[in-house]
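K.L.:
Attaching a predicted model along with its sequence, questions to come.
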Amino acid sequence: MTKELAARAQALPPPTERYTLLGWVHKNLFSTWYNALLTVLAFGLSYALLKPIIAWLIGQSQWEVLKVNFRLLMVGQYPMAQMWRVWVCLHLLAAIVGLTWGIWVHGRRLLAAVLLLVPLSLALLPTISSPTRLFLLGLDVFALIAFGLGRLRSLALRRLAIWSWVVYFFLVILIITGLNPAEGWFPIVPTTLWGGLLLTSLLTVVGIAFSFPLGVLLALGRRSRLPAIRWVSVGYIEVIRGVPLVTILFMASTMLPLFLPSGMRPQLVVRAMVGITLFSAAYLAEGVRGGLQAIPHGQYEAAGALGLSGFHTMALIILPQALRIVIPVLMGQFIALFKDTTLVATIGLLELLAISRSVLAQPQFVGFQREVYLFITLIFWVFCYFMSYISQRLEIALGVGER
Amino acid sequence: MSPINDLQQTPVGGEQPIILCRDVHKWFGNFQALQGISMEVYKGEVIVIFGPSGSGKSTFIRTLNRLEEHQKGQIVIDGIELTHDVRNVEQIRMETGMVFQQFNLFPHLNVMQNITLAPIWVRKWPKEKAEEVARQLLDRVGIPEQADKYPGQLSGGQQQRVAIARALAMQPKIMLFDEPTSALDPEMIKEVLDVMIELARSGMTMLVVTHEMGFAKAVAHRMYFFDQGLIVESGTPDDIFIRPQEDRTKLFLSQILSH
C-alpha cells in the first residue's frame, strides 16, 4: 500500500450515540403518537394485572406454611441424622462452581455477589438453627477458597475442574445413598425416604448423567454402517419416542416387577430413574444425530487421509464439533427432563410437586396453595434459568475459532 | 527450443515405481468415473494431472488413499497393495499426505493442534516432538506466527498452507494435491504455489490435480491429461505444451491458456 493510500484509508471512529434519561425515554417510548399511545396502554395494563398480585404479596400472603414445611419440601423424609450428607454434596458443589468460576469466568461480579449473598442472607435469618447457619456459611467459604485457587488457572486445575464435574454427579448419588447396609457411620438411606427438591435433583442428575452417553451411542448407532446396529438404534428411538413418559413410568413401576424374580426387584426410585434415562436418551440421540449430520464430509476425509482410525475420527474430530453444535438442543432436553421429573408423582414418589401437595393436604395449611405453588414455581424457574444460562455461556466459551 | 523446465530431463526413479496403477476402474452407480487408468510414478517425481471437470482426475487421486474405492484393477503404493484389508489402508494412509480443495482443517482445533493431532495419535509421538516438528513445518510454509490461531481466523491461503503442513507432519512419502488452489482468491494462489514448488524441488513425490499450468511448467516431470475417465495424453511438459498430439488436448489447452 502506498503512503497516500494508507493515509486515505485511515479509518474514522464510529458515530457515537449518547442520550440523557429524558432523551432515551423520548426516543424509545414516545417517539410518535402511536408509540406514546402504546406506552400508556402497556403501562395501564401492567398496572391492572400486577396490582392485585402485589397487594396479595404485601397484604394477605402468609408464609408460615413454607417455614414449617421447609425441610419436607427440600429433602422429604431424609433422616435428620444424615442431613450432613446433603450438606456435603452442596459444599462440594459450591467448591466446584467456585473453582470453575475462578478458572473460566471473567467479570460477572454482580452475579457472583448475588450468588454469595443468598446463603449469607439465609444464614442471618433469625429462625434458623445454628448448625444450619454454619453449613450455609460453609457454602460461601468453600466457594471463595476454590475461586481463589481457580484464579491460578493452571492446566492441572483445568483438568481437575472438568473431572470434578464428571465425578461429582456419581459421587452425589453415592453420598446420598450410603454404603453400609447396617446401622453405622455411613448407612444406606432407603430411597423411600428421599423426597422433595432432593429427589427432583437426583432424578435429574441421574437422568442427565446416564442418558447423555446412551443418547450419543444411539445417535452413532443410528448412523452405523452395520445394519444390525442401525436397526436396533432406529427401533429403540422410534419406539420410545412413540410412547408418553407417563406410560414408561407406569411400565417401570407395575410391569417390570412381573418379569424379574422377587428377590431382585429394584426400588421404585431406581425404576423411575431407569425410565427417565431411557426416555430422555431417545430424544438426546435425535439431537446428537442432527449435530453429526451438520459436520461436512470433508472432516471425515481429512481425518481418514491422515490415517486416523474410525474411533479416533469420531472421538477427536466429529463428536467435539457435533456436540458443540447441539448444546442448545441438549440443554433444552435436560431442562425438559428436569421438569418431566414431576411425572414420577404418578407412581407414588414424593418429588417436589407431590410433596407440596401433601403439605397442602395438612388440615392446618388448607388454602395456602398460592404461597406453596408460587414457591415451587420460583424454584423450578431458577433451576431452569440457570441451566439455560450455563448453555449460553458454554456456547460462547466453546465457540472459539468458529468457522 | 529449450525445454520448459530442467526437471523433466533428469532421470528419476530406480527400478520399482512408488505408485503403480493397472487398469483402475471406478463406478458411481451406473456412471463410470474411471475407465481403466494405468500409471507408474517413481520416487521424487512431480506429476500434474489436468483435464475438464468430471474427467475423473480427482476421483483417481482419491482412489490412491482409498477415499474412493476402486472396483477393478490394481493399485500398489510403496509395495503395499490397496485391498479391503483395513491394515493395508491404514498403512498407505500413513505414507500418503493429502491436501484438499476446501482445506478441510479441523475448525475446533488451533493450527498447532491441527498439525500435531495425527502424529500424536497415529504415529504415537510424544507431544513435544510433534510440536517441534510442527513448528519447523510452519516455518517452512511461511506462517510460524499463526500457531495459536484457529482456522476460522486465517485467510484461505494461510489455511491451505496449514493443511500442507498438517499433511507433511506425518512425514509421508507421497503427497496428493486435489485442486489445492481452486478455492483461493487470486492474490493467495501464489503463496500456496510457492510452498508447493519448494516442496517439489526438495524431492517429494507429488501428484497434483490442478489447472495451474505455471506450476506444471515450473516443476512437473510428467503430465497426464484426463477426459471422460481416461488418460487422453501424457508426457513431459515439453510434450504437452509444445507438441501435443491429440486434438482434445490442444483444444483444452487453448481454452485454459487463452486468457
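P.N.:
Happy to help now that I have it. Residues are numbered from 1 along each chain as shown, chains lettered A, B, ... in the order given.
K.L.:
C-alpha from now on. contacts and neighbour counts both.
P.N.:
OK.
K.L.:
part of a strand, is B:Phe106?
P.N.:
No. The assignment for B:Phe106 (DSSP: H, G, I helix; E, B strand; the rest coil) gives coil, which keeps it out of a strand.
K.L.:
who's in contact with residue 245?
P.N.:
Using chain A. A:Leu245 makes contact with A:Gly275, A:Ile276, A:Phe279, A:Leu343 under the criterion CA atoms under 8 Å, 6 or more residues apart in numbering or on different chains.
K.L.:
I was thinking of chain B, sorry if that wasn't clear
P.N.:
B:Glu233.
K.L.:
quick one: pLDDT of it?
P.N.:
If you check B:Gln245, the pLDDT there is 93.
K.L.:
Three-state assignment for it, please.
P.N.:
Per three-state DSSP, B:Gln245 ends up coil.
K.L.:
List phi and psi for it.
P.N.:
Backbone torsions for B:Gln245, taken as degrees, to the nearest 10, come to phi -90, psi -40.
K.L.:
so how many other residues sit close to the residue of the stretch 201-350 of chain A found nearest chain B?
P.N.:
Nearest to chain B in the stretch 201-350 of chain A, going by CA to the nearest CA, is A:Gly307, at a distance of 4.9 Å. Using other CA atoms under 10 Å in any protein chain shown, A:Gly307 has 27 other residues around it.
K.L.:
could I get the contacts of A:Leu245 as CSV with pLDDT?
P.N.:
Listed next are the contacts of A:Leu245 as CSV, based on pLDDT from 0 to 100:
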residue, pLDDT
A:Gly275, 93
A:Ile276, 95
A:Phe279, 96
A:Leu343, 95
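K.L.:
Now A:Leu152: which helix or strand?
P.N.:
According to DSSP states H and E, A:Leu152 maps onto no helix or strand at all.
K.L.:
Distance of the nearest residue to it once chain neighbours are set aside relative to chain B?
P.N.:
Excluding the flanking residues, the one nearest A:Leu152 by CA to CA, 6 or more residues apart in numbering or on different chains is A:Ile103, at 7.4 Å. A:Ile103 sits at a distance of 20 Å from chain B (criterion: CA to the nearest CA, to the nearest Å).
K.L.:
Can you read off the pLDDT for A:Ile103?
P.N.:
90.
K.L.:
got the contact list for the residue nearest to A:Gly138 when sequence neighbours are not counted?
P.N.:
Counting by CA to CA, 6+ apart, A:Gly138 lies nearest to A:His91, which is 7.0 Å off, once chain neighbours are set aside. Contacts for A:His91 (CA under 8 Å, 6+ apart) come out as A:Gly138, A:Leu139, A:Phe142, A:Ala143.
K.L.:
Return the closest of the residues you listed with respect to B:Ala134.
P.N.:
A:Ala143 (40.6 Å; CA to CA).
K.L.:
Check whether B:Arg135 really touches B:Pro144, as I assumed.
P.N.:
Yes. Using CA atoms under 8 Å, B:Arg135 is in contact with B:Pro144, at 6.6 Å.
K.L.:
Which one's more surrounded, these two?
P.N.:
B:Arg135 (21 against 14).
K.L.:
any idea which element that one lies in?
P.N.:
Assigned by DSSP H and E, B:Arg135 falls in helix B:127-140.
K.L.:
Only alpha carbons, please: show that helix as CSV.
P.N.:
Output of helix B:127-140 as CSV, limited to C-alpha atoms (Å, rounded to 0.1, in the frame of the first residue of the first chain):
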residue,chain,number,x,y,z
LYS,B,127,3.7,-34.1,22.3
GLU,B,128,7.0,-32.2,22.5
LYS,B,129,8.4,-33.9,19.4
ALA,B,130,5.2,-33.4,17.4
GLU,B,131,5.2,-29.7,18.3
GLU,B,132,8.8,-29.3,17.4
VAL,B,133,8.2,-30.8,14.0
ALA,B,134,5.0,-28.7,13.6
ARG,B,135,7.0,-25.5,14.3
GLN,B,136,9.6,-26.4,11.7
LEU,B,137,6.8,-27.1,9.2
LEU,B,138,5.1,-23.8,10.0
ASP,B,139,8.4,-22.1,9.4
ARG,B,140,8.7,-23.9,6.1
